[in-house]
Structure formats: structure tokens, C-alpha cells
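# pasting the structure only:
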């Protein structure tokens with residue numbers, strides 16, 4: 001009854017299912033400060049959307065949910081514009097390289113496999129590290145110890161690098177090199193995996209750059225908006241893999257969900273948020289890994305080896 005046909009993906013889907021997925025991922029975007037693509041892109045693939053279309057379209061949807069989440073964080077003064085701009089410069093460079101890489105992989109017929117392997121690798125590593133750290137933090141909190149092991153003014157190797165800049169909102173005076181490299185890496189992932197990169201950027205900004213957690217979420221969303229917008233445009237022009245109808249439905253659900261997520265995130269402690277996010281990352285990783293190793297229905301099909309033609 002609620003089925004609609006997606007012209008670029010070339011299949012029919014249930015409207016309510018897509019709206020619900022958009023709302024759920026938007027909720028997570030507002031709560032955790034991540035674009036939500038690390039969950040939505042695999043969910044779309046599970047529904048039968050071709051991986052290349054899922055990547056290009058989800059980058060589009062992330063723009064809307066991130067704008068909604070960033071505005072909610074902006075009202076709470078949780079955005080470091082200067083840091084976000086430095087991350088963005090790197091992000092645009094990474095996005096351009098990533099889109100060209102996807103184009104090359106499509107031509108040789110390996111894009112679906114590379115997207116899935118990228119997800120399993122990155123989600124597995126990031127999810128495990130985040131879960132270990134957040135469980136330790138929760139245990140310290142229960143034992144009555146400090147949740148964070150960082151003392152005010154404590155430095156790490158990042159502080160010894162050149163090209164130092166002052167980031168007032170984050171209360172930092174560090175080199176611009178780590179944010180630029182981080183931004184470029186996240187831009188690359190955004191193009192290849194259809195993610196905002198928040199699941200990597202948020203932990204990196206907290207543990208590597210030593211930014212305050214509340215500022216990290218808003219700043220991450222700010223950068224994600226512009227990088228995913230660039231990825232969407234580049235994929236549309238180079239690869240024609242953006243399904244506008246699918247993106248529009250996901251956007252509607254995502255914008256609504258992000259507002260509720262931003263409010264819900266205020267009621268949980270930082271270490272609890274990180275533990276929940278880590279569990280979700282690992283759950284998606286395991287499902288993708290299962291799909292990669294399970295025996296296919298058509299054991300002797302050679303279609304995908306030639307780009308599906």
C-alpha cells in the first residue's frame with residue numbers, strides 16, 4: 001500500500017520503513033554528534049539498495065540531519081567554528097580524492113566489495129576501542145574515581161607539532177596539522193562509505209585533540225554538513241548514484257529525529273553515550289561481516305564480478 005519506486009536504485013520500497021529509518025538515524029545524529037551514515041548506509045544495503053547508490057544517497061541525507069542537529073547544538077553554544085573550518089578544508093580534499101576512487105572501483109566492478117570491507121574494518125576497530133574506553137570510564141565513575149584520566153593542561157605529542165593555532169571555544173592552542181589530516185581522512189571515508197565520519201571524528205577530537213566533549217558534538221556536525229554536501233554533489237556529477245526521492249524521504253525522518261536526539265542526549269552522561277554508540281557500531285559491523293561470509297543464494301553467479309552488467 002505504501003510502496004514507492006526509486007528510479008536510481010531501480011526497486012520498490014515501503015515508504016513507512018524508509019521514514020522510520022530516517023527518523024531513527026536522525027535521532028542518533030542529534031544524540032551522539034555523528035552523521036548516522038555508518039548505520040544508515042548498511043541498513044539501506046540490507047534493504048536491497050545497491051551499495052554505490054546507498055553511499056551517494058546517504059551522503060545527501062546526512063546533510064539534512066546534520067544541519068538539524070548542528071542548529072540544536074549551536075543554540076547551546078557547542079560549536080567551535082574555527083576548528084570546524086580547519087577540519088572542513090581537509091575534508092573537502094579527502095572527498096574529492098574519495099569520489100574519484102569510487103568512480104575507478106565502479107569501472108572495474110569492485111565497488112560493492114570495497115564498501116562492505118571498509119565498513120567491517122572501520123566499524124570493528126572503532127567500536128571495540130570506544131567500548132573498552134567507555135566501560136573503563138563507567139567503572140571509574142562507579143568506583144568514585146574521576147571519569148576522565150586527563151588533567152587540565154596535560155599535553156600529548158599533538159602539542160609539539162608546528163603551525164599552531166588558537167581555538168578559543170575549545171580552549172586549545174595546537175597545531176593545525178592534526179585537524180587537517182583528520183578532516184581529509186573523514187572526507188575520504190564520506191566519499192567511499194557514505195558516512196559523515198562522526199564515528200571516527202568524535203573519538204579523535206576527544207582523545208587526540210583533547211577537545212571538551214560538549215563542543216566536539218556540535219563541531220563534528222558543523223563539519224559534516226559541508227563535507228557531505230560536497231560528496232553529494234561530486235557523486236551526482238561523477239557517478240550518478242544519488243537517488244533524490246530516497247534522500248528526500250530519509251531527510252524528512254532525519255530532521256525530525258535529530259531534534260529529539262539532541263534533547264535526549266542531554267540526559268545521559270558522556271561515558272554512557274559512548275558505550276551505547278560503541279555497541280551499535282559493533283552490531284552493524286557483525287551484521288555486515290555475516291553478509292560477507294555467508295554462502296550466497298546463487299553460488300555460481302558471476303554478475304557482480306563485472307559490475308553487475
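Nice, thanks for sending it over. Note that this is a predicted model, so its numbers are computed, not measured.
# how close does residue 10 get to residue 123?
Using CB to CB, to the nearest Å, one obtains 27 Å as the distance from residue 10 to residue 123. From N, CA and C alone the C-beta is placed, and that goes for glycine too.
# check residue 28 too.
To residue 123, residue 28 is 14 Å away according to CB to CB.
# residue 256 now?
26 Å.
# what about those two, which has more around it?
residue 123 (27 against 18; other CB atoms under 10 Å).
# give me the spatial nearest neighbour of that one, chain neighbours excluded.
residue 285 (3.7 Å; CB to CB, 6 or more residues apart in numbering).
# so which elements touch the helix or strand that contains the one you found?
Under the criterion of DSSP states H and E, residue 285 resides in helix 270-293. Judged by 3 or more CB pairs under 8 Å, 6 or more residues apart in numbering; DSSP states H and E, helix 270-293 is in contact with helix 15-32, helix 37-46, helix 111-142, helix 198-207.
# can you mark which positions in the second one are buried?
Right, helix 37-46. 37-45 (16 or more other CB atoms under 10 Å).
# would you convert these into TSV that also reports pLDDT?
Formatted as TSV, the buried residues of helix 37-46 follow (pLDDT from 0 to 100):
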residue	pLDDT
37	70
38	74
39	78
40	81
41	81
42	82
43	83
44	85
45	82
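# nearest to residue 174, of those?
Of all the buried residues of helix 37-46, residue 38 has the smallest distance to residue 174: 26.6 Å, by CB to CB.
# my read is that the closest one contacts residue 199, right?
Yes - using CB atoms under 8 Å, residue 38 is in contact with residue 199, at 4.8 Å.
# residues that sit against both of these two, list them.
Common neighbours of residue 38 and residue 199, counting by CB atoms under 8 Å, 6 or more residues apart in numbering, are 123, 281.
# now do the contacts for the residue nearest to residue 123.
Going by CB under 8 Å, 6+ apart, the list of residues near residue 285 reads 119-120, 123-124, 127.
# just the residues contacting stretch 64-81, thanks.
Residues from elsewhere that reach stretch 64-81, judged by CB under 8 Å, 6+ apart: 22, 25-26, 29-30, 33, 35-36, 167-170, 196, 211, 214-215, 217-219, 221-222, 224-225, 228, 250-251, 254-255, 257-259, 261-263.
# hmm, try it at 7 Å
Stretch 64-81 is contacted from outside by 25-26, 29-30, 35-36, 167, 169-170, 196, 214-215, 217-219, 221-222, 224-225, 228, 251, 254-255, 258-259, 261-262, using CB atoms under 7 Å, 6 or more residues apart in numbering.
# before we move on, what about stretch 233-243?
By CB under 7 Å, 6+ apart, stretch 233-243 touches 6-9, 52-53, 55-57, 59-60, 95-96, 99, 102-103, 106, 232.
# list only buried entries from those residues.
If we count by 16+ other CB under 10 Å, the contacts of stretch 233-243 have these buried: 6, 8-9, 52-53, 55-57, 59-60, 95-96, 99, 102-103, 106, 232.
# where does the stretch 151-300 of the chain have low pLDDT?
Scanning the stretch 151-300 of the chain for pLDDT under 70 picks out 151-160, 196, 265-266, 268-270, 295-300.
# how about residue 257: what's its closest non-neighbour residue?
Closest residue in space to residue 257, ignoring its immediate chain neighbours: residue 26 at 2.8 Å, by CB to CB, 6+ apart.
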